[in-house]
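**Student:** sequence first, predicted coordinates after that:
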Amino acid sequence: MTLFTLLLVLIAERLFKLGEHWQLDHRLEVLFRRVKHFSLLWTIFMTALAMLATFLVLRALYGLFFNVPLLVVWIMLGLLCIGAGKVRLHYHAYLKAASQNDSHARSAMASELTLIHGVPPDCDEREYLRELQNALLWINFRYYLAPLFWFIVGGVWGPVTLVGYAFLRAWQSWLARYQLPHQRQQSAIDAILHVLDWVPVRLVGVFYALIGHGEKALPAWFASLTDRHSSQYQVLTRLAQFSLAREPHMDKVETPKAAVSMAKKTSFVVVVVVALLTIYGTLV
């Protein structure tokens, strides 16, 4: 059921998920605006509540009408949690602005794409484009690869773990966009996601090393296994940049396209691996 649901979700996501309507991040903004207290315990409590609600819904539907309603809920939750939605529109708007040499629109869209980690001040064009590549790679990880990981790890309760991760992702994005850095720090959201992303980042890093030019990426991946100080963003993007070393880094259109192309290949490889594991009975 995991593979079948996953394929349906990815097909539907590519066909019509182009805005905020089927994005959990957008749906949760109403709840987040009511939050006045920021702490680790409150973040954990909200996430646990979202996961419990999902569990109760799935448990109530289990076995009803040959599990058809359960499958529908799996697909709906997958659509809400997997996929970038509006971020894809920002990416295409950036490409359009860059190709038309519209510096203002290009800067605005780049700011949206680099919302979480930002761009270092006073960087040159090459560094700017590299950071944009990193942001796009991280978006692909946050909205596709990491949710897929938690969906698969959850097994028969995959939607529960998926909703939990997507809730934390939405909370981090909302804090980054609407709140002060101090409040984001109080919520401990970055620390929580740092722990949750440790394994999926290194799994994705293997794919980057094998898909790209991995002569340097693979040794760097082995070094990342004992790296307890770097952020997961730094680990992932460092491995990806090794694989992107031979791609263009000065073209404002082709540079981000190279990152997105590699991210798409990685997502495809992940789906193939899931299919093979399902065929051989490792996954259900």
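**Tutor:** Yep, it's here.

**Student:** when you work out contacts or count neighbours from here on, use the C-alpha atoms and nothing else.
**Tutor:** Noted.

**Student:** quick one: low-confidence ranges for this structure?
**Tutor:** Along the chain, segments meeting pLDDT under 70 span 1, 18, 212-215, 247-249, 280-284.

**Student:** so where do the strands sit in it?
**Tutor:** When secondary structure is read from DSSP state E, the chain shows no strands.

**Student:** just want the most central residue of it.
**Tutor:** Arg142 (1.3 Å; CA atoms, centre = their mean).

**Student:** quick one, what contacts that one?
**Tutor:** Shown in contact with Arg142 (CA atoms under 8 Å, 6 or more residues apart in numbering): Arg169.

**Student:** burial of Trp174, as a residue count?
**Tutor:** For Trp174, the neighbour count with other CA atoms under 10 Å is 19.

**Student:** same question, Gln232
**Tutor:** Gln232, neighbours per other CA under 10 Å, totals 23.

**Student:** show me the contacts for it.
**Tutor:** Counted by CA under 8 Å, 6+ apart, Gln232 has contacts 194, 197-198, 201.

**Student:** quick check: phi and psi on Met38?
**Tutor:** Quick fix: residue 38 reads Phe, not Met. Note on Phe38: backbone dihedrals following degrees, to the nearest 10 are phi -120, psi 120.

**Student:** isn't it up against Ser187?
**Tutor:** Yes - using CA atoms under 8 Å, Phe38 makes contact with Ser187 at a distance of 4.7 Å.

**Student:** neighbour-wise, which of the two wins?
**Tutor:** Legend: neighbour count by other CA under 10 Å for Phe38 and Ser187, higher for Ser187 (22 against 17).

**Student:** just to check, the more buried one is in contact with Ser39?
**Tutor:** Yes - shown here, Ser187 and Ser39 form a contact pair, counting by CA under 8 Å, at 4.1 Å.

**Student:** list the buried residues of the longest helix seen in the chain.
**Tutor:** The residue-count maximum for a helix in the chain (DSSP state H) belongs to helix 254-279. If you call a residue buried by 16 or more other CA atoms under 10 Å, then helix 254-279 has these buried ones: 254-260, 262-263, 266-267, 270-271, 274-275, 278.
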